[in-house]
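Colleague: Okay, sequence plus prediction incoming.
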Amino acid sequence: MADPWQSAYDFAVQVARAAGAVIRKAGEDEIKVQTKSCAVDLVTQTDERVEKIIIGSLKEQFGDGSHCFIGEESVSNGQPCNLTDKPTWIIDPVDGTTNFVHGFPFVAVSIAFAVNKELEFGVVYSCLEDKMYKARKGMGAFCDDEQIQVSDVKDINKSIIISEHGTDRSIEKVTKIFSTMQKILRIPVHGLRGSGTAATNMCLVASGASEAFFEIGIHCWDIAAGVVIVREAGGIILDVDGGPFDLMSRRMMSANNDIIAKRIIKEIEIFEVLRDDAPVPSK
Ligand SMILES: O=P([O-])([O-])O[C@@H]1[C@@H](O)[C@H](O)[C@@H](O)[C@H](O)[C@@H]1O
Ligand SMILES: [Mg+2]
(Lines give C-alpha, C1' and ligand atoms only; values in the text may rest on other atoms or scores of the structure.)
(Ligands and ions follow the chains in the order given, each with its own letter.)
Protein backbone atom coordinates (compact mmCIF):
# COMPACT_ATOMS: atom_id res chain seq x y z
CA MET A 1 0.00 0.00 0.00
CA ALA A 2 1.33 3.46 -0.90
CA ASP A 3 2.71 5.37 2.05
CA PRO A 4 0.47 8.45 2.13
CA TRP A 5 2.43 10.58 4.59
CA GLN A 6 6.15 10.10 3.88
CA SER A 7 6.30 13.09 1.51
CA ALA A 8 4.38 15.24 4.02
CA TYR A 9 6.83 14.19 6.75
CA ASP A 10 9.87 14.97 4.59
CA PHE A 11 8.36 18.33 3.66
CA ALA A 12 7.65 19.16 7.32
CA VAL A 13 11.35 18.60 8.12
CA GLN A 14 12.35 20.98 5.33
CA VAL A 15 9.83 23.62 6.48
CA ALA A 16 10.96 23.35 10.12
CA ARG A 17 14.59 23.80 9.14
CA ALA A 18 13.80 26.84 6.99
CA ALA A 19 11.67 28.32 9.79
CA GLY A 20 14.54 27.81 12.23
CA ALA A 21 16.86 29.79 9.97
CA VAL A 22 14.37 32.69 9.98
CA ILE A 23 14.27 32.58 13.81
CA ARG A 24 18.07 32.58 14.09
CA LYS A 25 18.34 35.55 11.73
CA ALA A 26 15.58 37.45 13.56
CA GLY A 27 17.40 36.87 16.83
CA GLU A 28 20.31 38.94 15.51
CA ASP A 29 18.12 42.05 15.28
CA GLU A 30 16.15 44.00 17.86
CA ILE A 31 13.12 41.94 18.96
CA LYS A 32 9.84 43.78 19.46
CA VAL A 33 7.95 42.10 22.31
CA GLN A 34 4.19 42.10 22.97
CA THR A 35 2.16 40.16 25.52
CA LYS A 36 -0.85 37.81 25.24
CA SER A 37 -2.70 36.33 28.23
CA CYS A 38 -0.60 38.15 30.84
CA ALA A 39 2.52 40.28 31.31
CA VAL A 40 4.88 37.28 31.10
CA ASP A 41 3.16 35.49 28.18
CA LEU A 42 5.30 36.96 25.41
CA VAL A 43 4.84 37.05 21.64
CA THR A 44 6.99 38.68 18.94
CA GLN A 45 6.63 39.55 15.29
CA THR A 46 8.84 36.53 14.63
CA ASP A 47 6.26 34.15 16.15
CA GLU A 48 3.60 35.63 13.86
CA ARG A 49 5.85 35.78 10.77
CA VAL A 50 7.23 32.26 11.15
CA GLU A 51 3.76 30.78 11.65
CA LYS A 52 2.60 32.49 8.44
CA ILE A 53 5.65 31.12 6.58
CA ILE A 54 5.05 27.57 7.86
CA ILE A 55 1.29 27.52 7.17
CA GLY A 56 1.83 29.26 3.82
CA SER A 57 4.38 26.64 2.74
CA LEU A 58 2.12 23.77 3.87
CA LYS A 59 -0.95 25.23 2.15
CA GLU A 60 1.07 25.62 -1.05
CA GLN A 61 2.05 21.95 -0.87
CA PHE A 62 -1.27 20.57 0.43
CA GLY A 63 -3.56 23.40 -0.49
CA ASP A 64 -6.54 21.45 -1.84
CA GLY A 65 -8.48 22.62 1.22
CA SER A 66 -8.65 19.16 2.75
CA HIS A 67 -5.99 19.94 5.39
CA CYS A 68 -6.67 21.88 8.58
CA PHE A 69 -4.25 23.98 10.60
CA ILE A 70 -3.95 24.65 14.34
CA GLY A 71 -1.25 27.26 14.96
CA GLU A 72 -0.40 28.91 18.26
CA GLU A 73 -0.62 32.45 16.94
CA SER A 74 -3.66 31.80 14.71
CA VAL A 75 -5.53 30.48 17.76
CA SER A 76 -4.27 33.42 19.79
CA ASN A 77 -5.78 35.67 17.10
CA GLY A 78 -9.16 33.97 17.33
CA GLN A 79 -8.99 30.89 15.10
CA PRO A 80 -10.79 27.84 16.59
CA CYS A 81 -8.69 25.08 18.16
CA ASN A 82 -10.71 21.98 17.32
CA LEU A 83 -9.08 18.70 16.28
CA THR A 84 -11.28 16.86 13.76
CA ASP A 85 -10.74 13.66 11.76
CA LYS A 86 -9.37 15.75 8.87
CA PRO A 87 -5.59 15.82 8.19
CA THR A 88 -4.47 18.51 10.65
CA TRP A 89 -1.16 20.32 11.11
CA ILE A 90 -0.49 21.38 14.73
CA ILE A 91 2.15 24.09 14.81
CA ASP A 92 4.15 26.03 17.37
CA PRO A 93 6.28 28.36 15.28
CA VAL A 94 8.48 29.47 18.16
CA ASP A 95 8.35 27.22 21.20
CA GLY A 96 10.34 29.02 23.87
CA THR A 97 9.36 32.55 22.92
CA THR A 98 10.61 33.95 26.23
CA ASN A 99 13.95 32.22 25.63
CA PHE A 100 14.05 33.73 22.12
CA VAL A 101 13.48 37.23 23.54
CA HIS A 102 16.27 36.75 26.10
CA GLY A 103 18.74 34.89 23.89
CA PHE A 104 18.46 31.85 26.17
CA PRO A 105 19.62 29.09 23.80
CA PHE A 106 16.60 26.77 23.62
CA VAL A 107 14.07 27.70 20.93
CA ALA A 108 12.19 25.11 18.84
CA VAL A 109 9.95 24.94 15.80
CA SER A 110 7.33 22.26 16.47
CA ILE A 111 5.25 20.75 13.64
CA ALA A 112 2.93 17.77 14.16
CA PHE A 113 0.49 16.07 11.82
CA ALA A 114 -2.66 14.16 12.81
CA VAL A 115 -5.26 12.21 10.82
CA ASN A 116 -8.48 10.89 12.38
CA LYS A 117 -7.23 12.50 15.61
CA GLU A 118 -4.22 10.14 15.56
CA LEU A 119 -0.78 11.78 15.61
CA GLU A 120 1.05 10.47 12.51
CA PHE A 121 4.37 12.31 12.83
CA GLY A 122 6.18 15.04 14.72
CA VAL A 123 9.13 17.29 13.94
CA VAL A 124 10.91 19.47 16.53
CA TYR A 125 13.77 21.60 15.25
CA SER A 126 15.84 23.02 18.12
CA CYS A 127 17.09 25.82 15.94
CA LEU A 128 19.76 27.41 18.17
CA GLU A 129 21.29 23.99 18.82
CA ASP A 130 20.69 23.00 15.18
CA LYS A 131 19.20 19.65 16.23
CA MET A 132 16.38 18.10 14.15
CA TYR A 133 14.26 15.70 16.20
CA LYS A 134 11.69 13.76 14.24
CA ALA A 135 9.49 10.65 14.36
CA ARG A 136 6.78 8.92 12.36
CA LYS A 137 4.31 6.60 14.08
CA GLY A 138 5.75 3.08 14.10
CA MET A 139 9.08 4.07 12.56
CA GLY A 140 11.32 5.13 15.46
CA ALA A 141 12.58 8.52 16.64
CA PHE A 142 15.66 10.36 15.45
CA CYS A 143 17.88 13.31 16.29
CA ASP A 144 19.35 14.32 12.94
CA ASP A 145 20.21 10.91 11.49
CA GLU A 146 20.83 9.10 14.79
CA GLN A 147 18.08 6.93 16.26
CA ILE A 148 17.25 7.97 19.84
CA GLN A 149 15.96 5.97 22.79
CA VAL A 150 14.60 6.93 26.21
CA SER A 151 16.71 6.27 29.30
CA ASP A 152 16.55 2.80 30.90
CA VAL A 153 16.64 4.23 34.44
CA LYS A 154 13.96 2.70 36.73
CA ASP A 155 15.33 4.06 40.05
CA ILE A 156 13.66 7.43 40.74
CA ASN A 157 16.62 8.37 42.94
CA LYS A 158 18.81 8.26 39.84
CA SER A 159 16.59 10.47 37.64
CA ILE A 160 16.51 13.98 36.24
CA ILE A 161 12.96 15.32 36.07
CA ILE A 162 11.88 18.25 33.90
CA SER A 163 9.00 20.58 34.62
CA GLU A 164 8.11 24.18 33.85
CA HIS A 165 6.30 26.90 35.77
CA GLY A 166 4.45 28.32 32.75
CA THR A 167 3.09 31.85 32.60
CA ASP A 168 0.28 31.78 35.19
CA ARG A 169 1.59 33.68 38.23
CA SER A 170 -1.54 33.34 40.40
CA ILE A 171 -0.69 32.45 44.02
CA GLU A 172 -2.82 29.26 43.80
CA LYS A 173 -0.97 27.88 40.78
CA VAL A 174 2.52 29.06 41.72
CA THR A 175 2.09 27.49 45.17
CA LYS A 176 0.97 24.14 43.70
CA ILE A 177 3.73 24.15 41.07
CA PHE A 178 6.49 24.81 43.60
CA SER A 179 5.04 22.49 46.22
CA THR A 180 5.09 19.74 43.56
CA MET A 181 8.69 20.57 42.64
CA GLN A 182 9.73 20.58 46.31
CA LYS A 183 8.18 17.12 46.87
CA ILE A 184 9.93 15.75 43.78
CA LEU A 185 13.28 17.22 44.84
CA ARG A 186 12.93 15.64 48.28
CA ILE A 187 12.28 12.13 46.94
CA PRO A 188 15.21 12.74 46.20
CA VAL A 189 15.90 12.84 42.50
CA HIS A 190 19.29 13.73 41.01
CA GLY A 191 17.91 17.01 39.68
CA LEU A 192 15.06 19.15 38.38
CA ARG A 193 15.48 20.94 35.05
CA GLY A 194 13.52 23.01 32.54
CA SER A 195 14.66 24.25 29.11
CA GLY A 196 11.78 26.75 28.80
CA THR A 197 10.28 24.95 25.81
CA ALA A 198 7.98 21.93 26.15
CA ALA A 199 8.93 20.61 22.72
CA THR A 200 12.63 20.58 23.62
CA ASN A 201 11.88 19.10 27.05
CA MET A 202 10.11 16.17 25.37
CA CYS A 203 13.07 15.64 23.03
CA LEU A 204 15.35 15.53 26.08
CA VAL A 205 13.19 12.69 27.47
CA ALA A 206 13.18 10.95 24.07
CA SER A 207 16.97 11.16 23.81
CA GLY A 208 17.52 9.76 27.33
CA ALA A 209 18.86 13.00 28.86
CA SER A 210 15.95 13.13 31.32
CA GLU A 211 13.57 10.48 32.68
CA ALA A 212 10.36 12.55 32.63
CA PHE A 213 8.81 15.89 31.70
CA PHE A 214 5.38 16.94 32.91
CA GLU A 215 3.46 20.19 32.80
CA ILE A 216 -0.03 21.51 33.45
CA GLY A 217 -0.87 24.54 31.31
CA ILE A 218 0.91 23.70 28.08
CA HIS A 219 -1.05 23.78 24.81
CA CYS A 220 -1.52 21.12 22.11
CA TRP A 221 0.91 22.92 19.78
CA ASP A 222 3.69 22.84 22.40
CA ILE A 223 3.62 19.05 22.78
CA ALA A 224 1.93 17.36 19.77
CA ALA A 225 5.19 16.71 17.90
CA GLY A 226 7.02 15.75 21.10
CA VAL A 227 4.35 13.14 21.88
CA VAL A 228 5.20 11.20 18.71
CA ILE A 229 8.95 11.57 19.31
CA VAL A 230 8.76 10.30 22.92
CA ARG A 231 6.48 7.38 22.01
CA GLU A 232 8.70 6.35 19.10
CA ALA A 233 11.77 6.56 21.36
CA GLY A 234 10.14 3.96 23.64
CA GLY A 235 8.63 6.34 26.18
CA ILE A 236 5.08 6.76 27.46
CA ILE A 237 2.62 9.66 27.49
CA LEU A 238 -0.07 9.91 30.19
CA ASP A 239 -2.36 12.45 31.79
CA VAL A 240 -0.82 14.00 34.93
CA ASP A 241 -3.25 11.90 37.02
CA GLY A 242 -2.03 8.67 35.41
CA GLY A 243 -5.07 8.36 33.14
CA PRO A 244 -5.03 8.32 29.34
CA PHE A 245 -3.42 11.29 27.61
CA ASP A 246 -5.74 13.85 25.99
CA LEU A 247 -3.99 16.20 23.55
CA MET A 248 -6.44 19.06 24.12
CA SER A 249 -6.46 18.86 27.95
CA ARG A 250 -3.35 21.05 28.50
CA ARG A 251 -1.87 18.46 30.91
CA MET A 252 0.77 15.91 30.07
CA MET A 253 3.24 13.47 31.65
CA SER A 254 5.96 12.07 29.38
CA ALA A 255 8.40 9.53 30.78
CA ASN A 256 10.86 6.78 29.90
CA ASN A 257 8.75 4.14 31.64
CA ASP A 258 5.69 3.53 33.81
CA ILE A 259 7.66 3.19 37.05
CA ILE A 260 9.15 6.68 36.84
CA ALA A 261 5.87 8.17 35.53
CA LYS A 262 3.74 6.74 38.35
CA ARG A 263 6.26 7.75 41.05
CA ILE A 264 6.28 11.38 39.86
CA ILE A 265 2.48 11.44 39.36
CA LYS A 266 2.10 10.70 43.10
CA GLU A 267 3.68 14.11 43.86
CA ILE A 268 1.83 16.30 41.33
CA GLU A 269 -0.63 18.81 42.84
CA ILE A 270 -3.14 19.20 40.03
CA PHE A 271 -4.87 22.49 39.23
CA GLU A 272 -7.59 23.19 36.68
CA VAL A 273 -6.90 24.77 33.30
CA LEU A 274 -9.29 25.55 30.42
CA ARG A 275 -8.99 22.95 27.59
CA ASP A 276 -7.58 24.04 24.25
CA ASP A 277 -10.87 23.08 22.57
CA ALA A 278 -13.09 24.73 25.19
CA PRO A 279 -15.77 26.88 23.54
CA VAL A 280 -14.53 30.48 23.26
CA PRO A 281 -16.75 32.63 25.53
CA SER A 282 -18.78 35.03 23.34
CA LYS A 283 -17.67 38.64 23.83
O1 LIG B 1 4.68 30.08 24.52
P2 LIG B 1 5.71 29.12 23.99
O3 LIG B 1 7.08 29.61 24.16
O4 LIG B 1 5.39 28.65 22.60
O5 LIG B 1 5.52 27.79 24.90
C6 LIG B 1 6.10 27.64 26.19
C7 LIG B 1 6.03 26.17 26.56
O8 LIG B 1 6.80 25.45 25.64
C9 LIG B 1 6.54 25.93 27.97
O10 LIG B 1 6.44 24.57 28.31
C11 LIG B 1 5.71 26.73 28.94
O12 LIG B 1 6.16 26.50 30.25
C13 LIG B 1 5.84 28.21 28.61
O14 LIG B 1 5.03 28.94 29.50
C15 LIG B 1 5.37 28.52 27.18
O16 LIG B 1 4.00 28.27 27.08
MG1 LIG C 1 5.05 29.34 20.74
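Modeller: That came through fine. Residues are numbered from 1 along each chain as shown. Ligands and ions are numbered 1, 2, ... in the order given.
Colleague: Do I have it right that Gly122 meets Ala225?
Modeller: Yes - using CB atoms under 8 Å, Gly122 makes contact with Ala225 at a distance of 3.0 Å. Quick note: C-beta positions are derived from backbone N, CA and C, even for glycine.
Colleague: Quickly list what's touching both of those two.
Modeller: 110-112 (CB atoms under 8 Å, 6 or more residues apart in numbering).
Colleague: with those residues in mind, which one is nearest to ligand 2?
Modeller: Ligand 2 lies nearest to Ser110 out of these, by CB to the ion, at 7.9 Å.
Colleague: ok, now which ones touch that closest one?
Modeller: Contacts of Ser110 (CB under 8 Å, 6+ apart): 91-92, 95, 122-124, 199, 221-222, 224-226.
Colleague: For it, which three-state class applies?
Modeller: For Ser110, the secondary structure call by DSSP: H, G, I helix; E, B strand; the rest coil comes out as strand.
Colleague: so what's it bridging to?
Modeller: Under the criterion DSSP bridges, Ser110 forms beta bridges with Asp92, Val124.
Colleague: Look at it and report its pLDDT.
Modeller: Looking at Ser110, its pLDDT stands at 98.
Colleague: residues contacting Pro244?
Modeller: Contacts of Pro244 (CB under 8 Å, 6+ apart): Leu238.
Colleague: So what sits opposite it in the bridge?
Modeller: Using DSSP bridges, the bridge partners assigned to Pro244 are Leu238.
Colleague: what's the distance between it and ligand 2?
Modeller: Distance, Pro244 to ligand 2, using CB to the ion, to the nearest Å: 26 Å.
Colleague: likewise Lys131?
Modeller: Lys131 sits 18 Å away from ligand 2, taking CB to the ion as the criterion.
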